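Peer 1: sequence plus predicted model, see below.
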Amino acid sequence: MSISLNSHNDERLTDDDLKNNYFNYVQVNGRRVKATRFFVRNKCKLQVKKLSIHYGKEHGYHREVKFDKGIYLKLIKNTTSHFKFEGINLKREQPKETTLKPFKTFEEDFIN
């Protein structure tokens, strides 16, 4: 799980905020701190499973992938998002579905 804290947002939570997993902490001085949680582990498992099936790799292969600076430098030239977060309402635009077509290898896709 990942938690994001925003101490610069002093607004009350809306119904939409509550539906989208936002909550408030209170500082010792009484000011609100807006927070949200994001269950990254399950999302990562889903994506790794899709990659393993698509590229015909054994479960756990992703643990062997080493960072490749060449692949990274190639990928940062294109900032298009190819992964759709399932079961999460994001305010930012995301693809309608995950697409693995732009990538040639498991390693390239995993580093992306």
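Peer 2: Arrived safely.

Peer 1: domains for the chain, by residue range?
Peer 2: 2-38, 40-111 (automatic domain parsing).

Peer 1: save these as JSON lines, and put in mean pLDDT too.
Peer 2: Output for the domains of the chain, formatted as JSON lines (pLDDT from 0 to 100):
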{"stretch": "domain 2-38", "mean pLDDT": "84"}
{"stretch": "domain 40-111", "mean pLDDT": "81"}
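
Peer 1: export the ones you listed to TSV and tack on mean neighbour count?
Peer 2: (Each C-beta comes from the backbone N, C-alpha and C, glycine too.) Listed next are those as TSV, based on neighbours: other CB atoms under 10 Å:
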stretch	mean neighbour count
domain 2-38	12
domain 40-111	13
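
Peer 1: remind me, longest helix of the protein?
Peer 2: Ranked by number of residues, the top helix in the chain under DSSP state H is helix 40-55.

Peer 1: which helix or strand contains A35?
Peer 2: strand 32-38 (DSSP states H and E).

Peer 1: what is that strand packed up against?
Peer 2: Packing partners of strand 32-38 (3 or more CB pairs under 8 Å, 6 or more residues apart in numbering; DSSP states H and E): strand 2-6, strand 22-26.

Peer 1: dump the longest helix of the chain to CSV, restricted to CA.
Peer 2: Only the C-alpha atoms of helix 40-55 are listed here, as CSV (Å, rounded to 0.1, in the frame of the first residue of the first chain):
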residue,chain,number,x,y,z
VAL,A,40,0.1,-0.9,-5.3
ARG,A,41,1.0,-4.6,-4.5
ASN,A,42,-2.1,-6.1,-6.1
LYS,A,43,-1.8,-3.8,-9.2
CYS,A,44,1.8,-4.8,-9.6
LYS,A,45,0.9,-8.5,-9.4
LEU,A,46,-1.8,-8.1,-12.0
GLN,A,47,0.6,-6.3,-14.4
VAL,A,48,3.5,-8.8,-13.9
LYS,A,49,1.1,-11.7,-14.5
LYS,A,50,-0.1,-10.1,-17.8
LEU,A,51,3.5,-9.5,-18.9
SER,A,52,4.5,-13.1,-18.0
ILE,A,53,1.7,-14.6,-20.0
HIS,A,54,2.2,-12.3,-23.0
TYR,A,55,6.0,-12.9,-23.2
